[in-house]
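> Generate coordinates for the sequence data below:
(one chain, ligands or ions: 1)
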Amino acid sequence: MQTTDILLTNAHILTMDEQMNQFNPGAIAINGDSIIAVGPEAEIKKEYAGRETVDCGGSLLMPGLINAHTHVPMTLLRGLADDLRLDVWLSGYMWPVEREFVSPEFVRLGTQIACAELIRSGVTTFNDMYFYEESVAKATAEAGMRAVCGQSVLKFPVADADSYEDSMEIARDYIQRWKGHPLIIPSIAPHAPYTTTPEILRATAELAKEFDVPLHIHIAETSFEVENMRNENGMPVVPYVKKQGLFEAKVIAAHCVHIDPGEMRTLLHAGAGVSHNPSSNLKLASGFAPVMKMLETGLNVGIGTDGPASNNDLDMFEEVRLAAFIAKAVTNDPTSLPAATALTMATRLGAQALHIGHLTGSLTPGRRADLILIDANPMHSSPRFYRDGNSAYAQIVYASKSTDVSDVMVNGKWLMRDRKLLTLNEKELLAQAADMAKKIDAFLIEREQSVLSKLIALGGSTEEESFEVQVKVKIADTHPIVEALKRPEIEIIRYRHYKQHDIYFAFEDTDQGRLRYREDDFLDEKGAVTNTRPRLTLLGRKREDKLAHDVLLSRSRFLAPATQSPRFYREYFKPKEETLITKDRERWLVKFKDTEFFVNVDAMIEPAIGNFVEIKSRTWSRTDAEHKAALANELLAVLGIGNSETVTKDYIEVVGQ
Ligand SMILES: [Zn+2]
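Below is the predicted model:
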């Protein structure tokens with residue numbers, strides 16, 4: 001008779017091992033952090049005596065669930081912004097709020113809240129990616145959970161680093177200190193191919209290889225990502241990252257929604273694990289991952305919740321059920337992804353996907369004691385059948401709820417007994433979370449007050465203080481003007497020809513000004529587009545002042561790089577109405593009487609309201625403006641236009657400055 005620390009008896013044990021052994025009634029012997037033996041109760045009791053023996057009362061006993069992809073600190077951003085497209089959600093809300101609020105303390109609190117939720121729902125291990133990941137690691141270890149904690153690396157400044165080199169330093173230092181920890185597996189997380197560079201992918205893979213730790217990355221989450229990858233690099237996402245040497249490392253690829261059979265084989269040969277995230281893919285309408293194909297290929301596919309801001313919970317019971325349901329619907333085959341397979345993905349396969357199959361994922365002697373007890377007899381999963389061994393899996397996947405989890409053990413230590421958390425104080429955490437939410441709410445309320453503050457929140461905007469003298473005249477034909485520009489009084493400094501597409505966004509409150517999204521298609525002599533330049537400008541509501549000669553002074557304005565699509569700005573700024581204007585513009589920078597002017601000759605395409613000539617010059621004072629206005633009118637005369645009487649007021653009203 002051997003004495004062990006803990007003996008769990010009278011349980012219906014689902015080992016989730018290779019043979020899918022079940023023991024009912026079964027028992028399990030635990031010593032220190034590991035499982036010593038598992039089997040029929042009678043046999044185990046004959047061989048082992050526990051210092052502590054726990055009668056499980058007929059509950060289901062299985063390995064703890066493994067959340068294969070998440071961003072746990074984002075519990076603090078849960079419910080902040082929903083029902084948005086991925087780019088608006090990320091660039092419009094998550095990133096600005098993260099830039100403002102994310103700190104080691106924020107990450108610590110968010111992780112503690114996540115751990116409370118995860119333990120309650122039967123999760124014992126998760127795979128994370130965020131900023132200040134060492135704070136995630138610390139809070140997780142204190143809560144007693146197991147996790148693969150990946151320090152993020154991106155190509156732009158983020159919450160915890162001004163540059164990618166800084167992120168690499170942080171990651172190296174963190175991995176060095178946490179490598180070998182009993183609960184935490186440190187890792188590195190280049191966020192995604194589109195938020196990194198080939199250099200970053202190479203450097204992170206090398207670091208992961210050097211320390212033999214996993215590398216966590218988002219792969220092929222949206223078709224948009226794949227389309228861009230094909231356009232820019234002539235190949236889909238998996239071959240691209242392979243080319244950068246990513247598979248030198250032990251890769252954990254989150255999503256893989258849009259990959260083909262060839263890419264699946266590449267992942268298999270590279271020994272990469274995959275995390276399937278059904279809720280996140282459904283909520284963000286990312287598409288349906290080819291889960292059955294990936295499993296048939298032989299890939300280790302785990303299941304993840306993704307971040308709690310895009311799910312919005314960390315409930316693996318829901319995730320496993322969705323994985324099974326979606327696979328059936330997508331393949332039009334109810335035999336696809338049976339309950340036992342879905343549950344294997346959330347346990348043994350998940351552990352293998354995280355490259356920690358030797359530690360956890362099944363109730364096997366030698367593995368760590370990471371296990372959960374599930375109440376087998378609540379009304380919503382009664383009665384029970386024993387004829388078919390698969391009934392127990394079906395009961396858990398299709399009927400059990402995360403709230404049926406009563407007890408959780410990780411690494412041989414109880415984290416929850418009889419639904420009471422032993423390592424975290426929920427009441428305190430809830431109060432702190434409410435406090436943080438109040439601060440974030442106030443920040444967003446302030447920001448939402450004006451179009452300008454929303455523009456600034458996107459980052460990179462600059463104020464242009466200069467004022468402008470501007471004369472605009474409707475003309476019948478552009479040719480005489482082009483000819484007149486060759487006259488000796490006019491010196492041509494520069495010429496450009498482009499097609500200009502403007503979208504003017506107008507708002508309920510006209511004091512907010514108007515936002516112009518402008519795309520200039522530069523044209524060569526043959527009229528072919530050489531390159532396109534998008535810009536975003538917030539224009540003052542009306543002209544600052546009106547001077548003699550029908551000349552306008554325009555307001556100062558804000559410029560921002562237009563890195564997103566018009567659709568993004570439409571969804572982010574929510575304008576009341578839009579006006580589309582397209583014109584063919586020839587633009588000369590000329591010198592006339594020692595003063596520089598821009599002469600724009602426009603043929604209006606949309607709306608087709610004729611041709612215009614526009615003379616513009618920057619100015620800094622009223623006297624200078626009056627002087628330039630007079631000169632502009634003289635220039636008009638030289639160009640063969642009598643005076644500016646012909647200015648079409650309506651047109652000015654339409655396009656503003
Ligand atoms: Zn994610």
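
> Quick check: closest non-adjacent residue to residue 53.
Nearest non-adjacent residue to residue 53, counting by CB to CB, 6 or more residues apart in numbering: residue 7, 4.5 Å away. For the C-beta atoms, the positions are set from N, CA and C on the backbone; glycine is no exception.

> Checking the one you found next. Helix, strand or coil?
Three-state call for residue 7 (DSSP: H, G, I helix; E, B strand; the rest coil): strand.

> That one against residue 48, yeah?
Yes. Residue 7 lies in contact with residue 48 (CB atoms under 8 Å); the separation is 5.8 Å.

> list the residues that contact both of the two?
27, 29 (CB atoms under 8 Å, 6 or more residues apart in numbering).

> rewinding a little: beta partners for the residue nearest to residue 53?
residue 29, residue 53 (DSSP bridges).

> Now for it: which residues touch it?
By CB under 8 Å, 6+ apart, residue 7 lies in contact with 27, 28, 29, 30, 44, 45, 48, 49, 50, 52, 53, 54.

> same deal with residue 254?
68-69, 129, 216-219, 221, 274-275, 277, 304, 306.

> Point me to the helix or strand that includes it.
Using DSSP states H and E, residue 254 sits within strand 250-255.

> how about the residue nearest the centre of the chain, secondary structure?
Centroid-nearest residue in the chain, with CA atoms, centre = their mean: residue 90, separated by 5.5 Å. Under three-state DSSP, the three-state class of residue 90 is helix.

> Which residues are in contact with it?
Per CB under 8 Å, 6+ apart, neighbours of residue 90: none.

> beta partners for the residue lying closest to residue 140 once chain neighbours are set aside?
Nearest non-adjacent residue to residue 140, counting by CB to CB, 6+ apart: residue 147, 4.7 Å away. Counting by DSSP bridges, residue 147 forms beta bridges with residue 126, residue 184.

> isn't residue 147 right next to residue 133, touching?
No. Using CB under 8 Å, residue 147 is not in contact with residue 133; the gap is 9.9 Å.

> any chance you could map the strands in the stretch 201-350 of the chain?
Taking DSSP state E, counting those that start in this stretch, the strands of the stretch 201-350 of the chain run over residues 214-219, 250-255, 273-276, 300-303.

> Which residue, other than its chain neighbours, is closest to residue 592?
Distance criterion CB to CB, 6+ apart; nearest residue to residue 592, sequence neighbours excluded, is residue 635 at 5.0 Å.

> Wasn't the one you found part of a strand?
No. Residue 635: not assigned to a strand; according to three-state DSSP it is helix.

> count of neighbours near residue 255?
Residues lying near residue 255 (other CB atoms under 10 Å) number 27.

> which regions of the stretch 351-500 of the chain lie under the pLDDT threshold?
Along the stretch 351-500 of the chain, the parts satisfying pLDDT under 70 run over 464-467.

> ranges for the strands of it?
Using DSSP E, counting those that start in this stretch, strands in the stretch 351-500 of the chain cover 371-374, 405-410, 413-417, 420-421, 462-464, 467-475, 490-506.

> that older thread, got a pLDDT number for the residue nearest to the centre of the chain?
On pLDDT, residue 90 comes in at 83.

> Could you report the separation of it from residue 97?
11 Å (CB to CB, to the nearest Å).

> which residues in the stretch 201-350 of the chain form helices?
Along the stretch 201-350 of the chain, counting by DSSP state H, counting those that start in this stretch, helices occupy 223-233, 237-243, 261-269, 278-283, 291-297, 316-331, 339-345, 348-353.

> Adding distance to residue 501 and mean neighbour count, write those out as a markdown table.
Formatted as a markdown table, those follow (distance: least, CB to CB, whole Å; neighbours: other CB atoms under 10 Å):
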| stretch | distance to residue 501 | mean neighbour count |
| --- | --- | --- |
| helix 223-233 | 20 | 15 |
| helix 237-243 | 30 | 22 |
| helix 261-269 | 36 | 17 |
| helix 278-283 | 33 | 21 |
| helix 291-297 | 41 | 18 |
| helix 316-331 | 39 | 21 |
| helix 339-345 | 47 | 23 |
| helix 348-353 | 46 | 28 |
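
> Output those as JSON lines; include the columns distance to residue 188.
Formatted as JSON lines, those follow (distance: least, CB to CB, whole Å):
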{"stretch": "helix 223-233", "distance to residue 188": "21"}
{"stretch": "helix 237-243", "distance to residue 188": "14"}
{"stretch": "helix 261-269", "distance to residue 188": "18"}
{"stretch": "helix 278-283", "distance to residue 188": "22"}
{"stretch": "helix 291-297", "distance to residue 188": "24"}
{"stretch": "helix 316-331", "distance to residue 188": "25"}
{"stretch": "helix 339-345", "distance to residue 188": "24"}
{"stretch": "helix 348-353", "distance to residue 188": "17"}
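
> Out of those helices, the one nearest residue 558 is which?
Using CB to CB as the measure, helix 223-233 is the one of these that comes nearest residue 558, at 28.0 Å.

> what's the closest one in contact with?
By CB under 8 Å, 6+ apart, the residues outside helix 223-233 that reach it are 192, 193, 194, 220, 235, 236, 237, 240, 258, 287.

> May I have it exported as PDB, CA atoms only?
What follows is helix 223-233 as a C-alpha-only set of coordinates in PDB (Å, rounded to 0.1, in the frame of the first residue of the first chain):
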ATOM      1  CA  SER A 223     -10.100  37.000 -45.800                       C
ATOM      2  CA  PHE A 224      -9.000  40.600 -46.000                       C
ATOM      3  CA  GLU A 225      -5.700  39.700 -44.400                       C
ATOM      4  CA  VAL A 226      -5.100  36.900 -47.000                       C
ATOM      5  CA  GLU A 227      -6.100  39.100 -49.900                       C
ATOM      6  CA  ASN A 228      -3.700  41.800 -48.800                       C
ATOM      7  CA  MET A 229      -1.000  39.200 -48.300                       C
ATOM      8  CA  ARG A 230      -1.500  37.900 -51.800                       C
ATOM      9  CA  ASN A 231      -1.500  41.400 -53.300                       C
ATOM     10  CA  GLU A 232       1.600  42.500 -51.500                       C
ATOM     11  CA  ASN A 233       3.700  39.300 -51.400                       C
END
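
> Now do that helix, average pLDDT.
For helix 223-233, mean pLDDT is 95.

> Then stretch 529-543?
Rounded mean pLDDT across stretch 529-543 is 78.

> go on, stretch 570-577?
On average, the pLDDT along stretch 570-577 is 91.

> buried residues in that stretch?
570, 571, 572, 573, 575 (16 or more other CB atoms under 10 Å).

> Now tabulate those in JSON lines and tack on secondary structure and distance to residue 514.
Below are these laid out as JSON lines (DSSP: H, G, I helix; E, B strand; the rest coil; distance: CB to CB, whole Å):
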{"residue": "570", "secondary structure": "helix", "distance to residue 514": "14"}
{"residue": "571", "secondary structure": "helix", "distance to residue 514": "18"}
{"residue": "572", "secondary structure": "helix", "distance to residue 514": "15"}
{"residue": "573", "secondary structure": "helix", "distance to residue 514": "11"}
{"residue": "575", "secondary structure": "coil", "distance to residue 514": "9"}
